[in-house]
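*Asks:* Give me coordinates for this.
(one chain, ligands or ions: 1)
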Amino acid sequence: MAPNLLGFRIAHRMMRGDSRRLAAVTGALARGGQRADAARLRAIGEFATKHCAGIHHHHQAEDDVLWPVIVRSAGAEVDLSDLTDDHKALDPLLEEITAAAAELPGSPSAVRRMAASLATLADLLDEHIEEEERLLFPVIEKYVPEEEWERVETEVRKGGQASFDLPRIGQYALPEELAALRRMAGPVLTVMLALMGPGHRRRQKLIFGDL
Ligand SMILES: [Fe+2]
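*Replies:* Next up is the predicted model:
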């Protein structure tokens, strides 16, 4: 069996989607097109902080676990140096966003800095992830043994926060993808999504409003 890339595909979609939405909401606040009270700003700051930590962890796991697996299985087929450089270039941006997020709710300039950095992050991530999926997904499917891939996925999941990631997986998976995940994970996924769903939707409404 070839590796199943569905989990990575959805994780990438979440990273891109929430970067773009956070850039949109902080951009609207910075321009004065939307207003936010302290509770909303605090929620935006917390969400952005977890989002950046998740992206950093995903890239770290790629560097530390996935890249060696690819080099072992298909070393001659790919050059990972551009993708590694992208990870290095993204880290300071994630740190800037996290530092500005820690200044919320009290600092209007922090919102402006977040808006600018998040817009750059969203653009760079679009480019990076498109390149990564175009270059690596076919190679992984062709050369990486399924059990190696499962080990990679376990490592990637380890550093994540289930309470943050799971409801977003439910949000970003297409209906047929969610059905496939439910088949793989069993009833526990359905139960977890049902438990976490209402809180997640309330936080999303608070952070993003109608965006
Ligand atoms: Fe990457």
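*Asks:* Where is the longest helix in the chain?
*Replies:* Longest helix in the chain by number of residues (criterion: DSSP state H): helix 108-143.
*Asks:* name the helices or strands packed onto the helix or strand encompassing Arg40?
*Replies:* Element membership of Arg40, judged by DSSP states H and E, is helix 38-61. Packed against helix 38-61, as judged by 3 or more C-beta pairs under 8 Å, 6 or more residues apart in numbering; DSSP states H and E, are the following elements: helix 6-31, helix 81-101, helix 108-143, helix 146-158, helix 162-172, helix 187-208. (Glycine included, C-beta is placed from N, CA and C.)
*Asks:* Downstream of the shortest one, the next helix or strand is which one?
*Replies:* Beyond helix 162-172 in the direction of the C-terminus, DSSP H and E gives the next helix or strand as helix 175-185.
*Asks:* Counting by contacts, list what that following helix packs against.
*Replies:* helix 6-31, helix 187-208.
*Asks:* can you list those in CSV and add mean neighbour count and mean pLDDT?
*Replies:* Output for these, formatted as CSV (neighbours: other C-beta atoms under 10 Å; pLDDT from 0 to 100):
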stretch, mean neighbour count, mean pLDDT
helix 6-31, 20, 97
helix 187-208, 14, 94
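*Asks:* Chain neighbours aside, what residue packs nearest to Arg42?
*Replies:* Pro105 (5.3 Å; C-beta to C-beta, 6 or more residues apart in numbering).
*Asks:* quick one: contacts for the one you found?
*Replies:* Ala36, Asp37, Ala38, Ala39, Leu41, Arg42, Gly45 (C-beta atoms under 8 Å, 6 or more residues apart in numbering).
*Asks:* Kindly write the PyMOL command that selects the buried subset of those residues.
*Replies:* This is how PyMOL selects the buried members of the contacts of Pro105, with burial counted by 16 or more other C-beta atoms under 10 Å:
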select buried, resi 36+41+42+45
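*Asks:* from the contacts of Pro105, which single one is nearest Val71?
*Replies:* Gly45 (38.1 Å; C-beta to C-beta).
*Asks:* interface residues of this protein facing the ion?
*Replies:* Glu62, Glu132 (C-beta under 5 Å from the ion).
*Asks:* pLDDT of stretch 46-62, averaged?
*Replies:* Averaging pLDDT along stretch 46-62 yields 96.
*Asks:* Tell me the buried residues in it?
*Replies:* Buried-residue list, stretch 46-62, by 16+ other C-beta under 10 Å: 46-59, 61-62.
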